[in-house]
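**Student:** quick check, what structure comes out for this input:
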Amino acid sequence: MMVTIAIMSVALSLAVTFFVANRNASTDGIARQETEQGLRASLDSLERDLRLGGACLPTTGNDFPPLSGTNAGTLDGVTTRTALVRSDLTCIQSTIQAASPATGTAAGATTLPLQSVNGFAAGQRGYIRGSTNSGEYFNVTAVNTSSNQLSIAAGLQSAYLNGSGIWAINEDVYNINTTTYAPLTVLTIATNGAAAVPFAYGVQSVNIQYELISNCPPCDVVNLPSATQWPLVNQLYVTLTMQSKMPLSNGQYYTATATIGAKPRNLLPGTQILGTTPS
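**Tutor:** Presented below is the predicted three-dimensional model:
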């Protein structure tokens, strides 16, 4: 009986060890898979936003930067802007067309008379650009289709002549948040001036580099372009490192790293774009 009990104890111990090992392997495999899937999804979304940067927007002047960034080692941030499109994929844009005064809109105006408000909607972010290639952002609060007028949240800082361009835009600001959701680090997104919200949990680092059309080949790569280098940006290289939400069975977190290259739509060699960010 003692021998039987001993044999059964050994067998039971081996079975438990085998079960625990299988469970840990399965749990670790799921954690790795979820981390890699999250990494791919985050990079896919970032790549799409970056590739659309500047689409439908002016490609001359220095007033409207479709792309900007911050360099903070492995905690880089990036801002990308693109014009919105209608269901038929035409750009949502119009021009100031005021009957009185015929010169356009005055500084402080909260109502913008347009040639057409087709495609504009309350809650959108807009950009107005004057004949001197300078402009500003605004938020649309209401759209009057009968009078072709937009109501905006705050008065314009400058006056704009008839014919000044108006675009409905989307602005996404990506940054790393290392404190709010600790111990997890989170990649956040702030859309159209709203508060930042979680975009991808577990993103430990974002490193962005910019390839310039200069001294090619090999092309110069910088961590952040200077004001005069922005027009030379050919594409961006974005490297993300993501960590599993929970530790593996060995107590360590699983991490995965990947890099993408993305060429924004109107960051083409020779186009004079990007400069000081408008107010």
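**Student:** just the helices from this protein, written as ranges.
**Tutor:** Here the chain has its helices, by DSSP state H, at 2-51.
**Student:** what about it, any weak spots by pLDDT?
**Tutor:** 5-6, 8-25, 59-65, 265-279 (pLDDT under 70).
**Student:** for it, what's the longest strand?
**Tutor:** strand 165-177 (DSSP state E).
**Student:** buried stuff in that strand?
**Tutor:** Buried positions in strand 165-177, judged by neighbour count with 16 or more other CB atoms under 10 Å: 165-177. From N, CA and C alone the C-beta is placed, and that goes for glycine too.
**Student:** quick one: which of the residues you listed is nearest to L112?
**Tutor:** I166 (6.8 Å; CB to CB).
**Student:** OK, contacts around that closest one?
**Tutor:** Q93, S94, T95, I96, L112, L114, G126, Y127, I128, R129, L150 (CB atoms under 8 Å, 6 or more residues apart in numbering).
**Student:** tell me the one of the residues you listed nearest N144?
**Tutor:** Nearest to N144 among the contacts of I166, with distances taken as CB to CB, is L150, at 7.7 Å.
**Student:** thinking again about what came up before, as a markdown table, the contacts of I166 with neighbour count and distance to N250 would be great.
**Tutor:** Putting these into a markdown table (neighbours: other CB atoms under 10 Å; distance: CB to CB, whole Å) gives the following:
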| residue | neighbour count | distance to N250 |
| --- | --- | --- |
| Q93 | 24 | 55 |
| S94 | 22 | 60 |
| T95 | 18 | 63 |
| I96 | 22 | 63 |
| L112 | 26 | 60 |
| L114 | 20 | 62 |
| G126 | 24 | 52 |
| Y127 | 22 | 51 |
| I128 | 24 | 57 |
| R129 | 23 | 56 |
| L150 | 25 | 58 |
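**Student:** check those and tell me the two furthest apart.
**Tutor:** R129 and L150 (14.7 Å).
**Student:** residues in contact with stretch 207-225?
**Tutor:** Counting by CB under 8 Å, 6+ apart, 69-71, 73-74, 76, 78, 229, 232-239, 261, 269, 274 sit against stretch 207-225.
**Student:** repeat that for 10 Å
**Tutor:** 46, 50, 67-78, 174, 229-241, 257, 259, 261-263, 267-270, 274 (CB atoms under 10 Å, 6 or more residues apart in numbering).
**Student:** show me which of the residues you listed are buried.
**Tutor:** Using 16+ other CB under 10 Å, the buried ones in the contacts of stretch 207-225 are 46, 50, 67-69, 75-78, 174, 229-236, 238-241, 262, 267, 274.
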